[in-house]
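*Asks:* Okay, structure incoming, though there's no sequence with it:
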Ligand SMILES: O=C(O)C(=O)C[C@]1(C(=O)O)C=C[C@@H](O)C=C1
């Protein structure tokens, strides 16, 4: 199998889609948020799930653009950014983007992802020579794709790949995308549900410039910390988190650039009360040399 990048092209398709009564931005016509991808992408679905159908999305070609425009007050009210998938794993560069941005995590969405092999009407399995999709979508389908000798081509997003085969009337190219994307372009789902496992979820972070609304319902937080790198320093921090009765739902390490492989840690923590979280933060402070809270929010659910 070969992987190749297509040239990046940016289209400005803004989909206007209405706000959930519980949305922190209710009362407005709907928030305007950046997403990675275009009409019919999974990011659009995640944005609608969190903000309601009045959300207005600003499609971006790259995650860097998502964060850059998402942080710009004049252009948007925030961003929706995928951070990990249950089959393909963490999207590591996005943690880096998060670290460099001043955006706050105000929520999360776990979206059930069903990937489909999509072709133009009349195209058969044996006609396919290439399969185009977002790298994370391709990775979610490797078990299926490994059965064929197709050339795999990475693109900006799943829906755009579907649009591309429709526009080019491709006879030898298939796309991996959602059923919604197939419907949008009148394409045929030749193989449904081709992801390696049925239980396939992508976790999306909802990012805004500041905490919007109350944090009364918050039961999760994301933090980044650096220890003094002395023996047992990470174990000390982890012990204090456990002693505080907090569930560490994720721990991810990153080399600190230019530090000869010293690491910083991203931790997602689940708690019952915000006081419990603040107490643990105070307890771990002396064992860290840097500590940044990315956001305190209500956890999402895999439904
Ligand atoms: O291409 C899309 O539809 C996207 O929204 C991107 C993305 C990702 O970045 O992980 C979102 C969810 C799926 O896991 C596959 C791709």
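*Replies:* That came in fine, so what should we check first? Note that the structure is predicted; figures quoted are calculated from it, not measured.
*Asks:* show me what contacts the closest residue to residue 101 other than its chain neighbours?
*Replies:* Spatial nearest neighbour of residue 101, chain neighbours left out: residue 67 (4.8 Å); criterion: C-beta to C-beta, 6 or more residues apart in numbering. Yep, even glycine has a C-beta here, placed from its N, CA and C like the rest. With contact taken as C-beta atoms under 8 Å, 6 or more residues apart in numbering, residue 67 is in contact with 34, 79, 81, 97-98, 100-101, 103, 207.
*Asks:* Would you mind writing the PyMOL command to select the buried ones in those residues?
*Replies:* Command for PyMOL, covering only those of the contacts of residue 67 found buried under the criterion 16 or more other C-beta atoms under 10 Å:
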select buried, resi 34+79+81+97+98+101+103+207
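*Asks:* Okay, and which of the contacts of residue 67 map to strands?
*Replies:* 34, 79, 81, 207 (DSSP state E).
*Asks:* Can you show me the helices along the stretch 1-150 of the chain?
*Replies:* With DSSP state H, counting those that start in this stretch as the criterion, the stretch 1-150 of the chain has helices at 42-51, 63-70, 92-100, 135-140, 142-145.
*Asks:* which helices and strands sit right next to the fourth one?
*Replies:* Taking 3 or more C-beta pairs under 8 Å, 6 or more residues apart in numbering; DSSP states H and E as the contact definition, the neighbouring helices and strands of helix 135-140 are strand 78-85, strand 151-155, strand 173-177.
*Asks:* Test my guess that residue 101 contacts residue 209.
*Replies:* No. Look at residue 101 against residue 209 with C-beta atoms under 8 Å: they stay out of range, at 9.5 Å.
*Asks:* intersection of neighbour lists for these two?
*Replies:* Joint contacts of residue 101 and residue 209 (C-beta under 8 Å, 6+ apart) are residue 71.
*Asks:* residues contacting residue 79?
*Replies:* Counting by C-beta under 8 Å, 6+ apart, residue 79 touches 33-35, 66-67, 69-71, 103, 206-208.
*Asks:* Does the ligand have contacts with the helix or strand hosting residue 165?
*Replies:* Here residue 165 is covered by helix 158-167, with elements defined by DSSP states H and E. Yes. For helix 158-167, a contact with the ligand is found by C-beta under 6 Å from any ligand atom, at 158-159.
*Asks:* can you give me the angle that helix makes with strand 151-155?
*Replies:* For helix 158-167 against strand 151-155, the angle by axes from the mean of the first three to the mean of the last three C-alpha atoms, to 10 degrees is 120 degrees.
*Asks:* Please state the offset of stretch 277-284 from the chain centre?
*Replies:* 28 Å (C-alpha atoms, centre = their mean, to the nearest Å).
*Asks:* So for that stretch, what gets flagged as buried?
*Replies:* So for stretch 277-284, counting by 16+ other C-beta under 10 Å, buried means 277, 279-281, 283-284.
*Asks:* again, but for stretch 182-189
*Replies:* 182, 184-185, 187, 189.
*Asks:* taking those residues one by one, which sit in strands?
*Replies:* Checking the buried residues of stretch 182-189 against DSSP E, those in strands are residue 189.
*Asks:* farthest pair in the buried residues of stretch 182-189?
*Replies:* By the measure C-beta to C-beta, those have their two most distant members at 184 and 189, which lie 12.4 Å apart.
*Asks:* will you turn the helices of the stretch 1-150 of the chain into CSV that also has distance to residue 229 and mean pLDDT?
*Replies:* Formatted as CSV, these follow (distance: least, C-beta to C-beta, whole Å; pLDDT from 0 to 100):
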stretch, distance to residue 229, mean pLDDT
helix 42-51, 37, 96
helix 63-70, 29, 97
helix 92-100, 18, 94
helix 135-140, 32, 97
helix 142-145, 36, 98
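*Asks:* out of these, deepest packed?
*Replies:* Using mean count of other C-beta atoms under 10 Å, the stretch among those with the largest mean neighbour count is helix 42-51, at a mean of 25.
*Asks:* I would like the residues contacting that one, please.
*Replies:* Helix 42-51 is contacted by residues 15, 17, 19-20, 23, 25, 30-31, 33, 35-38, 55, 57, 80-82, 107, 109, 111, 113, 157-159, 178, 180, 202, 204, 206 when judged by C-beta under 8 Å, 6+ apart.
*Asks:* distance between it and the chain's centre?
*Replies:* 11 Å.
*Asks:* and it with strand 78-85, angle?
*Replies:* For helix 42-51 against strand 78-85, the angle by the same axes, to 10 degrees is 120 degrees.
*Asks:* tell me the angle of helix 42-51 relative to helix 63-70?
*Replies:* Angle of helix 42-51 versus helix 63-70, following the same axes, to 10 degrees, is 40 degrees.
*Asks:* ok, helix 42-51 near the ligand or not?
*Replies:* Yes. Under the criterion of C-beta under 6 Å from any ligand atom, the ligand is reached by helix 42-51 at 42-43.
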